[in-house]
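> Whatever this is, show me its structure:
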Amino acid sequence: MEELLFITNSSESPWTISAIDISTGSPLATYRNGICSENAFNLVNNEYLVGSNKNFMYIWRLHQEGPAQKIFFRNSINCFDITLDGKFLIACLGEKISVFELSTGSQICNLSAHYLPIKKIKLAQDDSFFVTVGSDSFAVLWTLKNTANETHQEYELCRLNGHSGAINDVFLSHGGLNCTIYTASSDHSCILWNTKGSVLKKVVCQNALQCVTVDCQTGVIYLGDAKGNIILNKNDSTVSIKAASSEIRCLSLNIDTSVLASASTDKTVKLWNSSRKETIDCIKVITLTGFATNLQFFMAPSGLGLKKSNLTLEPIPIAKSMQSSKENMNVLTKIINQSVSLTFRKAF
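Numbering: from 1, shown residues only. Modelled structure (predicted):
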């Protein structure tokens, strides 16, 4: 099956989201009339694209250019993530965290640990916990099991203290509660942690770090900095590549780790041959009207290019912090055909 790179654009024109054929660099599909903020985008059950900006969450069907649904939040959305089984939406609103049950629309709980805005939320691959990072220089691990139950006790698993500047990005390896956590910070460092809060390794660079992704098979760490460099680190070896004329905002590896995608505020997205591991070579340059806010690789969804969806949908209520917009759109939907489960494919 073909692998695609989904790019979200900071500008609404000419498109909001584009699905790119990585072999040619050409778009296979585009989606319009919305904006996706950084760390606020996902593909849903190979049927929907979900993105948010400020107070609005947008949902696009794969076969339609315009958004099919639009949800209004009373508070601005910094970022969000959704569990792999599609049961819970975790949204960061300022420095607060809200957990919603998608089957009912109920707000399960509100969590608070940060005192400055949260920049990213990342779920573990088995949904056993999630991590929030932000401008206050620390990361918090939360147990989803206790967050989602009715007792609402012992949400916070661990707090990671070790950075002296804002944490701009976080990456989780495979392994659930045995995974390695990678945090990239404005203090020029990337720190590797275990889930108990111990520092495993610290990589110090020359400039503020904006993003991180990792080849978990080989251990190569890819870092994007504020001066347009991509840094490759493995063991004690570090290589810096001048990749753009301004800061690197996003990095993403494809499934077999042979292609690295980077996005810069210079309004370019570049594809790199990363198969050599010791260095990277640019193979494609894509120029945008705005800068890319998200880069995620997915296998080509089967619904891409189809004229209509065969799934039966019904609206669900969204409680308290969310309410439907006045426009003629449905609120967030759930799949009621019991033979099809609502799952959210996450990119890493």
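> How about S245, nearest residue that isn't a chain neighbour?
For S245, ignoring the flanking residues on the chain, the nearest one in space by CB to CB, 6 or more residues apart in numbering is D266 at 4.6 Å. C-beta: built from backbone N, CA, C; applies to glycine.
> can you check S185 too?
H163 (4.3 Å).
> was I right about that neighbour contacting F138?
Yes. Using CB atoms under 8 Å, H163 makes contact with F138 at a distance of 6.9 Å.
> Between these two, which is the more surrounded one?
Using other CB atoms under 10 Å as the criterion, H163 and F138 rank with H163 on top: 23 against 18.
> sec struct for the more buried one, please.
Local secondary structure at H163 is given as coil here, using DSSP: H, G, I helix; E, B strand; the rest coil.
> ok, it to F72 distance?
H163 sits 34 Å away from F72, going by CB to CB, to the nearest Å.
> With N33 instead?
According to CB to CB, N33 and F72 sit 15 Å apart.
> These two: which is more packed in?
Between N33 and F72, counted using other CB under 10 Å, the more crowded position is F72 (16 against 13).
> Surely the more buried one and F56 touch.
Yes. With contact defined as CB under 8 Å, F72 reaches F56; the gap is 6.1 Å.
> Which residues are in contact with the residue nearest the centre of the chain?
Closest residue to the average C-alpha location of the chain: N39 at 4.2 Å, with CA atoms, centre = their mean. Counting by CB atoms under 8 Å, 6 or more residues apart in numbering, N39 touches 78-80, 119-121, 294.
> Report the separation between it and I167.
12 Å.
> Which residues are in contact with each of these two?
With CB under 8 Å, 6+ apart as the test, N39 and I167 both reach K119.
> Closest one to C250 out of the contacts of N39, please.
N294 (6.4 Å; CB to CB).
> any idea whether the closest one is helix, strand or coil?
strand.
> you'd agree it is up against L43?
No. Counting by CB under 8 Å, N294 does not reach L43; the two are 10.9 Å apart.
> Give me the common contacts of the two.
In terms of CB under 8 Å, 6+ apart, N294 and L43 are both contacted by the residues F6.
> now the strands for the stretch 1-150 of the chain?
3-9, 17-21, 26-31, 41-44, 48-53, 56-61, 69-73, 79-82, 88-93, 96-101, 106-112, 118-123, 129-134, 138-143 (DSSP state E, counting those that start in this stretch).
> tell me what the third one is packed against?
Translated: strand 26-31. strand 17-21 (3 or more CB pairs under 8 Å, 6 or more residues apart in numbering; DSSP states H and E).
> now the strand it packs on: how far from the chain's centre is it?
16 Å (CA atoms, centre = their mean, to the nearest Å).
> Looks to me like L177 is in a strand.
No. Read with three-state DSSP, L177 is helix and lies in no strand.
> who are the neighbours in contact with it?
124, 128-129, 195.
> Among the contacts of N39, find me the one that's closest to Q64.
N294 (19.6 Å).
> count of residues packed around V199?
12.
> Now do the contacts for it.
V199 neighbours (CB under 8 Å, 6+ apart): 162, 191-193.
> which of these has the most neighbours?
W193 (23 neighbours).
> Wait, it touches T183, no?
Yes. The criterion here is CB under 8 Å, and W193 meets it with T183 at 7.1 Å.
> any residues in contact with both of the two?
What both W193 and T183 touch, as defined by CB under 8 Å, 6+ apart, is the set 139, 160.
> Now S135: closest residue in space that isn't a chain neighbour?
L116 (3.9 Å).
> I meant V133, not that one.
In space, and not counting its chain neighbours, V133 is closest to I167: 3.9 Å by CB to CB, 6+ apart.
> mind checking the backbone torsions on that neighbour?
phi -90, psi 120 (degrees, to the nearest 10).
> For it, name its beta-bridge partners.
S185 (DSSP bridges).
> returning to what we had before: tell me which residues touch the residue nearest to S245, please.
228, 244-246, 291.
> So which of those residues sits lowest on pLDDT?
Least confident entry in the contacts of D266, by pLDDT: F291, with 94.
> Just confirm that residue contacts S10, I think it does.
Yes. Using CB under 8 Å, F291 makes contact with S10 at a distance of 5.1 Å.
> rewinding a little: got TSV for the strands of the stretch 1-150 of the chain, with mean pLDDT and distance to R276 too?
Formatted as TSV, the strands of the stretch 1-150 of the chain follow (pLDDT from 0 to 100; distance: least, CB to CB, whole Å):
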stretch	mean pLDDT	distance to R276
strand 3-9	96	19
strand 17-21	96	22
strand 26-31	94	25
strand 41-44	87	29
strand 48-53	92	33
strand 56-61	92	36
strand 69-73	89	43
strand 79-82	94	32
strand 88-93	92	37
strand 96-101	90	40
strand 106-112	88	43
strand 118-123	97	28
strand 129-134	96	30
strand 138-143	95	31
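> Of all the ones you listed, which one is nearest N273?
Between N273 and those, the shortest gap by CB to CB is with strand 3-9, which sits at 14.3 Å.
> Could you tell me the angle between that closest one and strand 17-21?
150 degrees (axes from the mean of the first three to the mean of the last three CA atoms, to 10 degrees).
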